[in-house]
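Fold the following for me, if possible:
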Amino acid sequence: MSKRVLIVVAVAVLASAASAYALRPETGVPTDAPTEDEMATAIGSDVMTNLFRGHVPGRSGDVMLVPKPHSFLLGEWDLTTLGTDSPTISTSHPNPWNYLARVPIIVHDPNRVEPGVVNDAETDISQIAPYYADVLGVEGFDNDPLPGLGSRCIAADDRFPTRGCPLPKVIFTVVIDGGGWNALQQHADAWPFIDSLREASTTYTNATIGSAPSITGALHATFGTGVYPIDHGIPGNQMRGPEGNTDTWLQNADPRYLEAPTVSEVWDEQNGNRPIVATVSYEGWHLGMIGHGAFREGGDKDIAVLWEAEGEDKEPLNEWFINEDFYELPSYLEEADLATLESYEEQLDPRDGLEDDTWYGHTLEELQEPLMRPGTPAFVRFTGDAVIDVMRNENIGRDAVTDMFWVEMKMPDYAGHAWNMLEAEQEDVIRETDRQLARMKRELDRTVGEGQYMFVISADHGQQPLPDNYGGWRINSKELQRDIVARFGDIIEKVTPVDVYLDLAKVEEEGIDMAEIAGYVGTYTIGDNIPEGRPGADRVPEARLDEELFAGAFSTGYFQSLTPEDLEAFGDGDYPEGDLSLPFEQQGAAAP
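Next up is the predicted model:
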């Protein structure tokens, strides 16, 4: 072979190698990736403080994800729905922004609480349990209680000159799941009872959930314990357990991972387990309101009524349940009254103003699917029945020692996930929730006596409107996982709507810096998130392809390195949605 031919061959080989190198997927962190400090500064102090409080070292994911406002993580979704009259309506809401973080706190107690007061002090849901402790004289709950309220009676000298202010016979707390201010203000005419109750109560209009992510399991534990996830140990609905990623209540109403006591169980124990501590809720994630039951030394089997729609193999169950090792399911609810629930479902048709054998276009058969039926007004009413059954059968508030009853109304959150918070279905569910709250108060008036109880309403988070209306994006979590693996190797155990769980052994073996994964996420764009060859990709506006999807991402080591001074130094941030203290009139759903 001649030298000339050898040169030509060599050039061809080099050109082929260069072409292959150019086509090779990029690996590692991009050179223009932001640092974690830069992302934190852009997010700002308010939100970073809440993220810090919500991160549980060793249990939270290894990289926490913070999508930009009105963007959120979802699984694989149909791009062909973009720009149509039938968009993908599924949403998730773990994000830390103000429209999800602001919630009502309404406290009604004629003995201690001035009526008609609107308190705009900055507060959060962690201050509810310390207020209960202050009223009851329970020690060990040292966080600040709700501002502006005292444990003593108003005008005590005139009304109770000799015996002082009596304790409430029951502290009755209702947490409206997904009932944050943005959902309520979107449907402002749907809650006349709550609105009227405000006239006889103190309402906190500048309250938040106090931590992030805004996710059920973490926040219900905050309600009960009065401390944030970093202290009570429940980061959300899922966590890293001793044997890998797990449900925080082990899908069996098992309280072993709750690391702080609740005000209810400490009050119960201090009174020889004579008080009734009870909840009617949806799933085990809500047990953080009442506590550990008999799992805790000195505790007893508190009453807990949870709904189980399906079994592990997806067979329909449609029944009340509880882990009877630690809690008690009352005998009168052991067999769910499905006939009554079905009768309520059959009455849904005319509620939308049109008798056409559907409720807002949904057939009865569709609405009775196990994973659909909790999102209807019928299930709201059915849950109200269970609450009234417990109140009557257990004689709530009928003796000299204060009882603690916690109700979780799951249905507005469920409806928001099923149909979106902006829609008429959500309005009808909120309207029925309001009616059932009025029914509960009437029962308290009848059986306990007006002025003899405390009635408190709050919510665990707001809801996510359709991103199409607010410039957001549905982030394909499966594609994000594939892209992280392509850059850093097969190191992922799981991607949730909140965080990334890594195979820590592989991360150590490969010498991967989690901060580099966080930095990569900080560069991740809509174009990156569109799977190759996916139908509907042509419907994505070209101008949006380079739009970055995440405000930030943070490794667990970064959170653990932060000091209070660091958090304060992050300042106001770049996002209006990062301001967690706004005048009430600016807190509506329409504010993007």
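
Can you show me the helices along the stretch 301-450 of the chain?
For the stretch 301-450 of the chain, applying DSSP state H, counting those that start in this stretch gives helices covering 338-346, 364-367, 377-393, 411-419, 424-447.

helices or strands up against the shortest one?
In this structure, helix 364-367 packs against helix 338-346, with contacts taken as 3 or more C-beta pairs under 8 Å, 6 or more residues apart in numbering; DSSP states H and E. The C-beta positions use only the backbone N, C-alpha and C, and glycine is treated the same way.

In the chain, spot the strand with the most residues.
When the chain is parsed with DSSP state E, its longest strand is strand 302-310.

Would you mark the buried spots in that one?
For strand 302-310, the neighbour count (16 or more other C-beta atoms under 10 Å) marks Asp302, Ile303, Ala304, Val305, Leu306, Trp307, Glu308, Ala309 as buried.

From the chain's centroid, how far away is that strand?
From the chain centre to the centre of strand 302-310 is a distance of 18 Å (C-alpha atoms, centre = their mean, to the nearest Å).

tell me what that strand is packed against?
The contact analysis (3+ C-beta pairs under 8 Å, 6+ apart) places strand 302-310 against helix 263-270, strand 277-280, strand 316-321, strand 327-328, helix 377-393.

Single out the most deeply packed of the ones you listed.
Ranked by mean neighbour count, these are led by strand 277-280 with a mean of 27 (mean count of other C-beta atoms under 10 Å).

Would you mind listing the outside residues contacting that strand?
264-265, 267-268, 286-287, 289-291, 302-305, 383, 386-387, 390, 394, 396, 403-408 (C-beta atoms under 8 Å, 6 or more residues apart in numbering).

Same list (the buried residues of strand 302-310) but as CSV, adding pLDDT and distance to Tyr132.
Formatted as CSV, the buried residues of strand 302-310 follow (pLDDT from 0 to 100; distance: C-beta to C-beta, whole Å):
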residue, pLDDT, distance to Tyr132
Asp302, 98, 16
Ile303, 98, 18
Ala304, 98, 19
Val305, 98, 21
Leu306, 98, 22
Trp307, 97, 26
Glu308, 95, 29
Ala309, 94, 31
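
Do me a favour and get the end-to-end distance for stretch 250-269?
The stretch stretch 250-269 measures 25 Å between its terminal residues, going by C-alpha to C-alpha, to the nearest Å.

what bridges to the residue lying closest to Ser281 once chain neighbours are set aside?
Of all residues beyond its chain neighbours, the one nearest Ser281 is Glu408 (3.8 Å), with distances taken as C-beta to C-beta, 6 or more residues apart in numbering. Judged by DSSP bridges, the bridge partners of Glu408 are Val175.

so Glu408 touches Tyr282, yeah?
Yes - the pair Glu408 / Tyr282 is scored as a contact, 6.1 Å apart, by C-beta atoms under 8 Å.

which regions of the stretch 151-300 of the chain sit below the pLDDT cut-off?
Applying pLDDT under 70 to the stretch 151-300 of the chain picks out residues 155-164.

Tell me, how many residues neighbour the residue nearest to Glu425 when sequence neighbours are not counted?
Setting aside the residues directly before and after it, Glu425 is nearest to Trp419 in space (C-beta to C-beta, 6+ apart), at 4.2 Å. The number of residues packed near Trp419 is 18, by other C-beta atoms under 10 Å.

Next one: the spatially most central residue of the chain from Thr248, what distance?
The residue lying closest to the centre of the chain (C-alpha atoms, centre = their mean) is Ile215, at 2.5 Å. Ile215 sits 10 Å away from Thr248, going by C-beta to C-beta, to the nearest Å.

who touches both of the two?
Taking C-beta under 8 Å, 6+ apart as the criterion, Ile215 and Thr248 both touch Gly236, Asn237.

circling back: so can I have JSON lines of the helices and strands packed on strand 302-310 showing distance to Leu580?
Formatted as JSON lines, these follow (distance: least, C-beta to C-beta, whole Å):
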{"stretch": "helix 263-270", "distance to Leu580": "25"}
{"stretch": "strand 277-280", "distance to Leu580": "28"}
{"stretch": "strand 316-321", "distance to Leu580": "37"}
{"stretch": "strand 327-328", "distance to Leu580": "35"}
{"stretch": "helix 377-393", "distance to Leu580": "29"}
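
The longest strand of the chain pairs with which strands?
Counting by DSSP bridges, the strands paired with strand 302-310 are strand 277-280 (parallel), strand 316-321 (antiparallel), strand 327-328 (parallel).

That strand relative to helix 377-393, how many degrees between them?
Note on geometry: by axes from the mean of the first three to the mean of the last three C-alpha atoms, to 10 degrees, strand 302-310 and helix 377-393 are set 160 degrees apart in direction.
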